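> what follows is a predicted structure for the sequence shown.
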Amino acid sequence: MALGDLYRRKGAHSIARLYLKKSFEVINTVYGEEAIVPSMGNFLKLSGTLYSDMAEHERARDYFIESLILFREAYGKDHHHVYVANTLYDCAKTAQRECEYFEAEKYYKASLKNYTATPGANHHRL
(Lines give C-alpha, C1' and ligand atoms only; values in the text may rest on other atoms or scores of the structure.)
Protein backbone atom coordinates (compact mmCIF):
# COMPACT_ATOMS: atom_id res chain seq x y z
CA MET A 1 0.00 0.00 0.00
CA ALA A 2 2.93 2.32 0.77
CA LEU A 3 4.36 1.72 -2.72
CA GLY A 4 0.98 2.57 -4.23
CA ASP A 5 0.92 5.80 -2.25
CA LEU A 6 4.50 6.58 -3.28
CA TYR A 7 3.69 6.15 -6.99
CA ARG A 8 0.51 8.21 -6.52
CA ARG A 9 2.59 11.06 -5.09
CA LYS A 10 5.01 10.77 -8.03
CA GLY A 11 2.07 11.06 -10.43
CA ALA A 12 2.39 7.51 -11.81
CA HIS A 13 -1.28 6.73 -11.28
CA SER A 14 -1.55 3.52 -13.30
CA ILE A 15 1.39 1.96 -11.43
CA ALA A 16 -0.05 3.22 -8.14
CA ARG A 17 -3.37 1.45 -8.81
CA LEU A 18 -1.54 -1.81 -9.53
CA TYR A 19 0.34 -1.64 -6.22
CA LEU A 20 -2.82 -0.72 -4.33
CA LYS A 21 -4.68 -3.64 -5.86
CA LYS A 22 -1.82 -6.00 -5.02
CA SER A 23 -1.71 -4.73 -1.43
CA PHE A 24 -5.35 -5.67 -1.01
CA GLU A 25 -4.61 -9.19 -2.26
CA VAL A 26 -1.64 -9.53 0.12
CA ILE A 27 -3.62 -8.28 3.13
CA ASN A 28 -6.42 -10.70 2.32
CA THR A 29 -3.99 -13.61 2.02
CA VAL A 30 -1.95 -12.80 5.13
CA TYR A 31 -4.71 -11.67 7.50
CA GLY A 32 -7.71 -13.56 6.17
CA GLU A 33 -11.32 -12.66 5.64
CA GLU A 34 -11.66 -10.50 8.77
CA ALA A 35 -9.27 -8.02 7.14
CA ILE A 36 -11.16 -7.85 3.84
CA VAL A 37 -13.59 -5.06 4.70
CA PRO A 38 -11.10 -2.66 6.33
CA SER A 39 -8.41 -3.31 3.71
CA MET A 40 -10.90 -2.84 0.88
CA GLY A 41 -11.98 0.39 2.56
CA ASN A 42 -8.35 1.56 2.49
CA PHE A 43 -8.00 0.49 -1.13
CA LEU A 44 -11.10 2.49 -2.09
CA LYS A 45 -9.95 5.50 -0.06
CA LEU A 46 -6.54 5.52 -1.75
CA SER A 47 -8.24 5.08 -5.14
CA GLY A 48 -10.32 8.16 -4.33
CA THR A 49 -7.13 10.03 -3.51
CA LEU A 50 -5.68 9.00 -6.88
CA TYR A 51 -8.66 10.43 -8.74
CA SER A 52 -8.62 13.55 -6.59
CA ASP A 53 -4.97 14.08 -7.53
CA MET A 54 -6.00 13.84 -11.19
CA ALA A 55 -8.78 16.45 -10.58
CA GLU A 56 -11.49 13.85 -11.24
CA HIS A 57 -13.37 14.93 -8.14
CA GLU A 58 -16.72 13.32 -8.90
CA ARG A 59 -15.06 9.95 -9.39
CA ALA A 60 -12.94 10.51 -6.28
CA ARG A 61 -16.06 11.21 -4.23
CA ASP A 62 -17.64 7.95 -5.40
CA TYR A 63 -14.61 6.05 -4.11
CA PHE A 64 -14.56 7.96 -0.82
CA ILE A 65 -18.24 7.22 -0.21
CA GLU A 66 -17.79 3.52 -0.98
CA SER A 67 -14.84 3.52 1.42
CA LEU A 68 -16.94 5.23 4.09
CA ILE A 69 -19.66 2.59 3.73
CA LEU A 70 -17.14 -0.21 4.21
CA PHE A 71 -15.46 1.44 7.20
CA ARG A 72 -18.82 1.93 8.88
CA GLU A 73 -19.63 -1.70 8.20
CA ALA A 74 -16.30 -2.79 9.67
CA TYR A 75 -16.37 -0.60 12.77
CA GLY A 76 -20.05 -0.73 13.67
CA LYS A 77 -22.74 1.80 14.41
CA ASP A 78 -20.54 3.88 16.70
CA HIS A 79 -18.48 5.07 13.69
CA HIS A 80 -15.87 6.69 15.94
CA HIS A 81 -12.80 5.43 14.18
CA VAL A 82 -9.93 7.36 12.64
CA TYR A 83 -10.51 5.72 9.22
CA VAL A 84 -14.10 6.99 9.24
CA ALA A 85 -12.97 10.47 10.31
CA ASN A 86 -10.24 10.60 7.64
CA THR A 87 -12.61 9.49 4.90
CA LEU A 88 -15.25 12.03 5.94
CA TYR A 89 -12.50 14.66 5.72
CA ASP A 90 -11.61 13.50 2.19
CA CYS A 91 -15.29 13.73 1.20
CA ALA A 92 -15.33 17.30 2.55
CA LYS A 93 -12.20 18.32 0.62
CA THR A 94 -13.65 16.87 -2.58
CA ALA A 95 -16.96 18.69 -2.13
CA GLN A 96 -15.09 21.91 -1.43
CA ARG A 97 -13.05 21.53 -4.63
CA GLU A 98 -16.33 21.19 -6.52
CA CYS A 99 -17.65 24.36 -4.81
CA GLU A 100 -20.34 22.35 -3.03
CA TYR A 101 -19.90 24.26 0.20
CA PHE A 102 -23.00 22.97 1.99
CA GLU A 103 -21.85 19.37 1.40
CA ALA A 104 -18.30 20.26 2.40
CA GLU A 105 -19.49 21.80 5.66
CA LYS A 106 -21.60 18.73 6.44
CA TYR A 107 -18.66 16.39 5.89
CA TYR A 108 -16.19 18.59 7.77
CA LYS A 109 -18.51 18.71 10.79
CA ALA A 110 -19.04 14.92 10.69
CA SER A 111 -15.28 14.43 10.43
CA LEU A 112 -14.62 16.73 13.37
CA LYS A 113 -17.23 14.90 15.44
CA ASN A 114 -15.52 11.59 14.65
CA TYR A 115 -12.01 12.89 15.36
CA THR A 116 -13.03 14.28 18.74
CA ALA A 117 -14.87 11.09 19.71
CA THR A 118 -12.21 8.64 18.48
CA PRO A 119 -10.31 7.18 21.41
CA GLY A 120 -6.54 7.10 21.21
CA ALA A 121 -3.56 6.53 23.47
CA ASN A 122 -3.75 10.04 24.94
CA HIS A 123 -7.40 10.69 24.18
CA HIS A 124 -9.24 13.36 26.12
CA ARG A 125 -12.86 13.97 25.20
CA LEU A 126 -13.33 17.61 24.07
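Perfect, I can see it now. Numbers count the residues shown, from 1 in each chain.

> only C-alpha atoms for contact and neighbour calcs from this point on.
Noted.

> element containing the closest residue in space to Thr118 that isn't next to it in sequence?
Distances taken as Cα to Cα, 6 or more residues apart in numbering place His80 nearest to Thr118, at 4.9 Å, with adjacent residues excluded. His80 belongs to no helix or strand when elements are defined using DSSP states H and E.

> report the separation between His80 and Ala74.
11 Å (Cα to Cα, to the nearest Å).

> follow-up on the earlier one: ok, now which ones touch the residue nearest to Thr118?
Taking Cα atoms under 8 Å, 6 or more residues apart in numbering, we find His80 in contact with Asn114, Tyr115, Ala117, Thr118, Pro119.

> quick check, pLDDT for it.
As predicted, His80 sits at a pLDDT of 71.

> low pLDDT regions in this protein?
For the chain, applying pLDDT under 70 flags the ranges 33-34, 36, 76-79, 119-126.

> what ranges does it have for its helices?
With DSSP state H, the ranges of helices along the chain come out as 2-10, 13-31, 36-53, 57-75, 82-97, 101-117.

> would CSV of these with mean neighbour count be doable?
Formatted as CSV, the helices of the chain follow (neighbours: other Cα atoms under 10 Å):
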stretch, mean neighbour count
helix 2-10, 17
helix 13-31, 17
helix 36-53, 23
helix 57-75, 20
helix 82-97, 23
helix 101-117, 18
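
> which residue sits closest to Met40, ignoring its sequence neighbours?
Counting by Cα to Cα, 6+ apart, the residue nearest Met40 is Phe24, at 6.5 Å.

> show me the contacts for the one you found.
Met1, Ile36, Ser39, Met40, Phe43.

> now those in CSV, with distance to Asp90?
Listed next are the contacts of Phe24 as CSV, based on distance: Cα to Cα, whole Å:
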residue, distance to Asp90
Met1, 18
Ile36, 21
Ser39, 17
Met40, 16
Phe43, 14
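
> for the residue nearest to the spatial centre of the chain, what are its contacts?
The centroid of the chain falls nearest to Lys45 when counting by Cα atoms, centre = their mean (3.2 Å). By Cα under 8 Å, 6+ apart, the contact set of Lys45 is Tyr63, Phe64, Ser67, Thr87.
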